[in-house]
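Novice: show me how the following folds:
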Amino acid sequence: MLIRPHRCTFFHFANLPLSRPPDSRVRPTESDPVPMDRTFTIFTTRWPLLLAAMFALCAVGCSQHQGRDIARQFSDGKPDEFFQTSVDRMATLGMRDNLQSLYLLMSKLYLRNPNQWRQSGYPDAVTAARQIRQAIENRQPLPALGDRRDLAALSYSLSPDFRGDRVGAFIYAIGSMLVTAHGGRTQFYVTDSINPQFVSNAARNIEKATWLLSQRQDANGVLLLFSNEISEEGSNFSFAVEFGKIVARLDLLTQILDERYRRIGLNYAQSLLLMNFLPVQ
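Specialist: Residues are numbered from 1 along each chain as shown. Sure thing, here's the model as predicted:
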């Protein structure tokens, strides 16, 4: 005997009741193990619990992930960071990035001007760059510049009278100027203070030095140092871009320092206006 399977259509589901009467004695049979109305009733009554459980699991997972992130940040931090405010930390990271940009520019200038590192007395450009870096970070004098530092070294390194490794002298002058503008330090803590005007002045000096680098020529009309290039083969503005990054970081730090000290002044003015006593410890 051929048994035809039961076919359900939309009209069958539309005519099904949403719930059975309380006195219904219909029991599931082998052909109908779970009645459709009972399944629908169970789903409509329990779906809020299912959603709540899903949200709880997601919240637990997110909190555990955030907890792991916080723990990793603490483990990756250094002990001296506990003595730094957010502004101190930003100034430290900004100084680190600015010096790295300077060292990148030094490598690029040595590639564009290979005759310069040969005048430094070191066997190769890598050794010359390492010595310049140590002189900047340890605030040591550069033999080719004598006792000149900061602005005096910058002016002398771009003058036609300079004899020696002009690339190293130019980068050293800018690096020493940056350190001086930040109070002679490369790392900053709560006890340190930075003059925002000096930082802003350093940014303007770098803008001028960038322009002089692309303009200064010797007696024969040849550039003292080759940097940016515009030719038929292509253009290279990577030097201007990297210098622009340094200027942008310095300007951002200047604005943050100005706001920091402005808020200190405003808080003091508010305390006088409201006649509040100032804390003494």
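
Novice: now do the same contact list for the closest residue to residue 171 other than its chain neighbours.
Specialist: With sequence-adjacent residues excluded and distances taken as Cβ to Cβ, 6 or more residues apart in numbering, residue 171 is closest to residue 106, at 4.4 Å. Where you see a C-beta, it was placed from the backbone N, CA and C, and this is true even at glycine. Residue 106 sits next to 129, 132, 167-168, 171 when contact means Cβ atoms under 8 Å, 6 or more residues apart in numbering.

Novice: how about 7 Å then?
Specialist: The contact partners of residue 106, by Cβ atoms under 7 Å, 6 or more residues apart in numbering, come to 129, 132, 167, 171.

Novice: what comes up buried for the helix or strand it falls within?
Specialist: Using DSSP states H and E, residue 106 maps to helix 86-112. Within helix 86-112, the residues that count as buried by 16 or more other Cβ atoms under 10 Å are 87-88, 90-92, 94-95, 98-99, 101-103, 105-106, 108-110, 112.

Novice: swap in stretch 161-173?
Specialist: Neighbour counts using 16+ other Cβ under 10 Å place 162, 164-173 of stretch 161-173 among the buried residues.

Novice: re earlier: just the contacts of residue 106: which are in helices?
Specialist: Of those, the ones assigned to helices by DSSP state H are 129, 132, 167, 171.

Novice: give the residue spans of the stretch 51-200 of the chain that score low on pLDDT.
Specialist: Applying pLDDT under 70 to the stretch 51-200 of the chain flags residues 51-80.

Novice: swap in 90 and give it another go.
Specialist: 51-87, 118-122, 146-147, 160-161, 163, 190-193 (pLDDT under 90).

Novice: mind listing the helices for it?
Specialist: Under the criterion DSSP state H, counting those that start in this stretch, the stretch 51-200 of the chain carries helices at the ranges 86-112, 114-117, 125-137, 150-157, 166-181, 196-215.

Novice: and the gap between residue 127 and residue 97?
Specialist: 24 Å (Cβ to Cβ, to the nearest Å).

Novice: again but with residue 186, I slipped
Specialist: Noted for residue 186: a distance of 11 Å to residue 97, by Cβ to Cβ.

Novice: do residue 123 as well
Specialist: Distance, residue 123 to residue 97, using Cβ to Cβ: 29 Å.

Novice: and what of residue 206?
Specialist: Using Cβ to Cβ, we find residue 206 at a distance of 14 Å from residue 97.

Novice: for residue 148, same thing?
Specialist: For residue 148, the distance to residue 97 equals 26 Å [Cβ to Cβ].

Novice: got it, and residue 202?
Specialist: Residue 202 is 14 Å from residue 97, by Cβ to Cβ.

Novice: what's the answer for residue 144, then?
Specialist: Per Cβ to Cβ, residue 144 is found 27 Å from residue 97.
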